[in-house]
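S.K.: coordinates for the following, if possible.
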Amino acid sequence: MKKWYDYIPHPVVILFVIMIIMTILSYLLPAGSYERELVDGRQRVIPNSYETIKSTPVTLLDMFKALPMGFKTASDIIFVVFAGGIMFGILEKTRMIENSIGTLIKRLGIERKYLIVVLMTFIFGMAGVFIGYEHNIALVPIAAVLSLSIGGDLMLAAGISVGAITVGFGLSPFNPYTVGTGHQIAELPMFSGAGLRSLLCLSGLSTLAFYNVRYFKKIEKDASKSLSKEVSIEGISLSKPLHEYSMTRSNQMVLGIFLLGLAVMLYGIFVHHWYINEISGIFLMVAIVVGLATRMGGKTFSETLLKSVANVAPGAFMVGYATSIRSIMEMGNISDTVSYGLASLLYGLPTYLSAALMTVVQSVLNILIPSGSGQALATLPIMIPLGEVLGLTRQTTILAFQIGDGVTNLFNPTLGGMIAMLAMCRIPLDKWLRFIFPLAFLILLVSIIFLEISVFIGYGPA
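M.R.: Numbering: from 1, shown residues only. Now for the predicted structure:
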């Protein structure tokens, strides 16, 4: 008998169906737009300014034209996938990552494997909290090697890294894109109310750690239960017994170059506000320096580079493919119409119910606007006044928005960063959805409990 996840189509099919739906909606929904104002160099919606405009239905040709438009829009994220894949491929060729992980596991002891899963889940989660989202792409392959070295699979690696980074970033009390932008719009002290948000983030990561260990035990007991058993582990798995691992001087030098590259990247991110293109540049620089430092021949370097590009190409393709959906909505001018319609559904509802449904509304909008700051600028100017009418504090409204955005990111097929990180673990989106849906439901329940607590206590800016 088939289980529910056996009916999940291939991700290429899923995204194409969404493209068709958005195209049809451009004929069924009225085109509409909010007026926007420039605040601190960014466009922000003016509340109560929605009005319908001339319909701009998307033609069949326009729907397919959205594909190259989506790839153009997502070109920076697509390239960071390639750059991260190249860097990891060169690092893997030197055996630095394999020897580092093998030596670490040998010293910690394989009998502590469940503790290792929990610790690494929290470490990657903290990377999401304090470093960001796409900035952590380079760290994801490390989880792949680590998971395989303790007897796990690539899906466990994705849970440890992609899952933890997404939860940490999405529920971070210091997320500059959601909480920070929200506090600016709501005119609240920046990152205020961090106590409740910190408890929520730790609860989310604890739920994920428990889920990862549970999955690990399940595949240990029955390897056929692995959701990634058909995914190739060539070039990732350990090649010898743990007791034979040690770090050579060359490995230590390569590790030093890699850590120096990460340090430079973090300095640039926090001091000079670097983003995707600068990160891609650092990844490529690290790859070239490692190649020169280890005296890797030009032919070997080039062949390794192209093989690495081939490994991450499917994920890079999916990033651009997913972004095409946003292009269709922009051509049809229905993004603001959907936002306006969903917000209108909340009028007149009881306070506790309206808070929970506000999160649901933001979850739907996150599929359509897969950018934390973009969604905040598009919806919070509408939701904050609406929340006050419904009896919600501004802090609670922003929390509802953060939960809707953050939890949905675990399975959002239009989120390029998530698909990019899955590519680094070689995990297809359909297999990831089988793994992550139950967890996302659990974390959403936990988050709704915190949201209702915020309503009860009159969650304020303190």
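S.K.: the longest helix anywhere in the chain: which residues count as buried?
M.R.: Longest helix in the chain, counting residues (DSSP state H): helix 298-332. Within helix 298-332, the residues that count as buried by 16 or more other Cβ atoms under 10 Å are 301, 304-305, 308-309, 311-312, 314-329, 331-332. The C-beta positions use only the backbone N, C-alpha and C, and glycine is treated the same way.
S.K.: with adjacent residues omitted, what lies nearest to Pro141?
M.R.: Leaving aside its sequence neighbours, Pro141 sits nearest to Phe88 (Cβ to Cβ, 6 or more residues apart in numbering; 4.4 Å).
S.K.: check Pro11 too.
M.R.: Leu429 (3.5 Å).
S.K.: and the closest residue to Leu255 other than its chain neighbours, what does it touch?
M.R.: Closest residue in space to Leu255, ignoring its immediate chain neighbours: Met96 at 5.6 Å, by Cβ to Cβ, 6+ apart. By Cβ atoms under 8 Å, 6 or more residues apart in numbering, the contact set of Met96 is 250-251, 254-255, 258.
S.K.: same check, this time on Ile116
M.R.: Residues in contact with Ile116 (Cβ under 8 Å, 6+ apart) are 105, 108, 146, 150.
S.K.: and the two most separated of those residues?
M.R.: Largest separation among the contacts of Ile116 by Cβ to Cβ: Leu108 and Leu146, giving 10.6 Å.
S.K.: the more surrounded of these two?
M.R.: Leu146 (25 against 14; other Cβ atoms under 10 Å).
S.K.: which helix or which strand is home to that one?
M.R.: Using DSSP states H and E, Leu146 sits in helix 140-149.
S.K.: can you show me the helices along the stretch 101-250 of the chain?
M.R.: For the stretch 101-250 of the chain, applying DSSP state H, counting those that start in this stretch gives helices covering 113-130, 140-149, 154-158, 164-170, 181-186, 194-221, 249-271.
S.K.: got the angle between the first one and helix 249-271?
M.R.: The reference is to helix 113-130. 40 degrees (axes from the mean of the first three to the mean of the last three Cα atoms, to 10 degrees).
S.K.: what comes up buried for helix 113-130?
M.R.: 113, 116-118, 120-122, 124-129.
S.K.: between these, which is nearest Val360?
M.R.: Here the nearest of the buried residues of helix 113-130 to Val360, counting by Cβ to Cβ, is Gly128; it sits at 23.3 Å.
S.K.: for Val140, see how far away that closest one is.
M.R.: Distance from Gly128 to Val140, counting by Cβ to Cβ, to the nearest Å: 11 Å.
S.K.: determine which stretch of the helices of the stretch 101-250 of the chain is the most buried.
M.R.: helix 164-170 (a mean of 29; mean count of other Cβ atoms under 10 Å).
S.K.: what sits up against it?
M.R.: Taking Cβ under 8 Å, 6+ apart as the rule, helix 164-170 contacts 120-129, 132-133, 136, 139-140, 175, 178, 201, 204-205, 208, 402, 405-407, 409-410, 418, 421, 443.
S.K.: swap in stretch 53-72?
M.R.: Contact partners of stretch 53-72, identified using Cβ under 8 Å, 6+ apart, comprise 19-20, 22-23, 26-27, 30-33, 78, 320-328, 331-333.
S.K.: in it, what counts as buried?
M.R.: For stretch 53-72, by 16+ other Cβ under 10 Å, it's 57-58, 62-63, 65-67, 69-71.
S.K.: flag the least confident of those.
M.R.: Among the buried residues of stretch 53-72, Gly70 carries the weakest pLDDT, at 88.
S.K.: how close does Leu386 sit to Asn48?
M.R.: Per Cβ to Cβ, Leu386 is found 10 Å from Asn48.
S.K.: quick one: which of those two has more around it?
M.R.: Leu386 (21 against 10).
S.K.: confidence score at the more buried one?
M.R.: The model's pLDDT for Leu386 equals 85.
S.K.: got a list of what it touches?
M.R.: Contacts of Leu386 by Cβ under 8 Å, 6+ apart are 343, 346-347, 397.
S.K.: and Leu357, by the same measure?
M.R.: 345-346, 349.
S.K.: can I get the buried part of these as one PyMOL selection?
M.R.: Buried residues among the contacts of Leu357 (16+ other Cβ under 10 Å), as a PyMOL selection:
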select buried, resi 346
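S.K.: next, the buried residues of the helix-or-strand element of the chain with minimal mean pLDDT.
M.R.: Ranked by mean pLDDT, DSSP states H and E, the weakest helix or strand in the chain is strand 42-45, scoring a mean of 72. Neighbour counts over strand 42-45 (16+ other Cβ under 10 Å) mark 44-45 as buried.
S.K.: quickly run through the sheet partners of the helix or strand immediately after it in the chain, with directions.
M.R.: Later in the chain than strand 42-45, the nearest helix or strand by DSSP H and E is strand 51-52. In the sheet, strand 51-52 lines up against strand 32-33 (antiparallel) (DSSP bridges).
S.K.: which residues sit against the strand it pairs with?
M.R.: By Cβ under 8 Å, 6+ apart, the list of residues contacting strand 32-33 from outside reads 50-53, 333-334, 336-337, 340.
S.K.: try it again at 6 Å.
M.R.: 50, 52-53, 336-337 (Cβ atoms under 6 Å, 6 or more residues apart in numbering).
S.K.: likewise for stretch 322-341?
M.R.: Outside stretch 322-341, the residues touching it (Cβ under 6 Å, 6+ apart) are 15, 18-19, 22-23, 25-26, 29, 31-34, 50, 56, 58, 62, 66-67, 69-70, 73-74, 379, 413-414.
S.K.: gap between that stretch and the chain center?
M.R.: 21 Å (Cα atoms, centre = their mean, to the nearest Å).
S.K.: and that stretch, how far apart are its ends?
M.R.: 24 Å (Cα to Cα, to the nearest Å).
S.K.: give me the mean pLDDT for it.
M.R.: 86.
S.K.: cool, stretch 202-212 as well?
M.R.: Mean predicted confidence for stretch 202-212 is 97.
S.K.: output that stretch in CSV with nothing but the alpha carbons.
M.R.: What follows is stretch 202-212, C-alpha atoms only, in CSV (Å, rounded to 0.1, in the frame of the first residue of the first chain):
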residue,chain,number,x,y,z
LEU,A,202,15.9,26.8,21.2
SER,A,203,12.6,24.8,21.3
GLY,A,204,12.6,24.5,17.5
LEU,A,205,16.2,23.3,17.4
SER,A,206,15.6,20.8,20.3
THR,A,207,12.6,19.4,18.4
LEU,A,208,14.8,19.1,15.3
ALA,A,209,17.6,17.4,17.3
PHE,A,210,15.2,14.8,18.7
TYR,A,211,13.8,14.2,15.2
ASN,A,212,17.3,13.7,13.7
